[in-house]
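In: build the 3D model from these lines:
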Amino acid sequence: MATVKEFLTRINRIEGVNGCLLVKKDDGALLGQIIDNHEKLSSLLYLGGKCSRDIMGSAGFTHCSLLSFRRENGKNFHMFGVDKYYLGVMQDPEYPLDPMIQKVNHLLSFVNTGKAKKTKGTQAGGAPAGSL
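Out: Down below sits the predicted model:
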């Protein structure tokens, strides 16, 4: 089992990722980071995840796989649900979004299920592969 530092290092090595951090879903505690401005981003990560869960519940949805915040400078911030945690990833402005998201999701499928996804967007057994 990887440590938080090892996990974040692997995420940060993905082409298109320009920093990342991990917080607990229940209280927003910062578990680790490889990113500048982690104080503000950890708050955004926790509050964004909490609000997305509230919105999903109110609207009758059961899954939100990604929440993105875009910037004019291209340093976009993307949020992923990982079990009891939120992962925040800063996008390299020189790298396209879709390939980066696919690579992050592929790595997260190993964390969430212990193996690569069997069906696109789901874990073995049909459960969502990671939800905010």
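In: could you use CA atoms for every contact and neighbour count after this?
Out: Noted.
In: list the buried residues for the helix or strand encompassing Arg53?
Out: Secondary structure here is read from DSSP states H and E; on that basis Arg53 sits in helix 38-59. The neighbour-count criterion (16 or more other CA atoms under 10 Å) identifies His38, Leu41, Ser42, Leu44, Leu45, Tyr46, Gly48, Gly49, Lys50, Ser52, Arg53 as the buried residues of helix 38-59.
In: contact partners of it?
Out: Contact with helix 38-59 is made by 21-25, 27-28, 30, 62-64, 67, 79, 81, 86-88, 132, as judged by CA atoms under 8 Å, 6 or more residues apart in numbering.
In: just give me the closest of the buried residues of helix 38-59 to Pro93.
Out: When those are compared for distance to Pro93, the smallest value, 17.2 Å, is given by Leu41; criterion: CA to CA.
In: now do that closest one against Ala2, distance only.
Out: To Ala2, Leu41 is 23 Å away according to CA to CA, to the nearest Å.
In: could you do Asn18 as well?
Out: Taken as CA to CA, the spacing of Asn18 relative to Ala2 amounts to 21 Å.
In: more neighbours: which of those two?
Out: Asn18 (21 against 9; other CA atoms under 10 Å).
In: contact partners for the residue nearest the centre of the chain?
Out: Note on the chain: the residue nearest the mean C-alpha position is Phe80, at 2.3 Å, using CA atoms, centre = their mean. With contacts taken as CA under 8 Å, 6+ apart, Phe80 has the following neighbours: Ser65, Leu66, Leu67, Tyr86, Leu87, Gly88, Gly130, Ser131, Leu132.
In: in what helix or strand does it lie?
Out: Under the assignment given by DSSP H and E, the secondary-structure element containing Phe80 is strand 77-82.
In: what average pLDDT does the helix or strand following that strand get?
Out: From strand 77-82 onward toward the C-terminus, using DSSP H and E, the following helix or strand is strand 85-91. Across strand 85-91, the average pLDDT comes to 96.
In: buried sites along the helix or strand following strand 85-91?
Out: Reading on from strand 85-91 to the C-terminus, the next helix or strand found by DSSP H and E is helix 97-113. Burial within helix 97-113, assessed by neighbour count using 16+ other CA under 10 Å, is assigned to 97, 100-101, 103-109, 111-113.
In: appreciated, that's everything.
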